[in-house]
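Engineer: here's a sequence, model it:
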Amino acid sequence: EQHPDTAMAYNSIGSAYYVKGEHAEALDTFERAMQIRLATLGEQHADTAASYNNVGNAYFSKSEFDKALEMYKKALQIQLAMLGEQHADTATTYSNIGYAYDSKGEYNKALEMQQ
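Structural biologist: A predicted model of the protein is given here:
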């Protein structure tokens, strides 16, 4: 169970749930993938950042915007350290943060993330 390939499998299953609109199941599965990645790859790894983003997306889909922001910000910290400001994954996370702030009605913060 504690292997990066297992985390990848959970991530794929979580994505299937997510696409089907089964966001609670997606969240549970994405969180399992994230815990395995934290245990096997550590905090400072691009795949761990991707897991934080996936968990954030599941929270976002459940309209739990504060929890989504928490996950997105963790992903962003890792991505800035590991991938840099100009990486596509980092840009996606900035965008996710912006959408979450927009959904909360915090439009100035949303605009900051989109620039």
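Engineer: element containing the residue nearest the centre of the chain?
Structural biologist: Residue closest to the mean C-alpha point of the chain, counted by C-alpha atoms, centre = their mean, is residue 53 at 0.8 Å. In the assignment (DSSP states H and E), residue 53 maps to helix 46-61.
Engineer: tell me which strands and helices that helix is in contact with?
Structural biologist: helix 4-19, helix 23-40, helix 65-82, helix 88-103 (3 or more C-beta pairs under 8 Å, 6 or more residues apart in numbering; DSSP states H and E). Heads up, the C-betas are built off the backbone N, CA and C, glycines and all.
Engineer: mean neighbour count, mean pLDDT and distance to residue 48 for those - can I get that in a markdown table?
Structural biologist: Formatted as a markdown table, the helices and strands packed on helix 46-61 follow (neighbours: other C-beta atoms under 10 Å; pLDDT from 0 to 100; distance: least, C-beta to C-beta, whole Å):
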| stretch | mean neighbour count | mean pLDDT | distance to residue 48 |
| --- | --- | --- | --- |
| helix 4-19 | 17 | 97 | 9 |
| helix 23-40 | 20 | 97 | 5 |
| helix 65-82 | 20 | 98 | 6 |
| helix 88-103 | 19 | 95 | 12 |
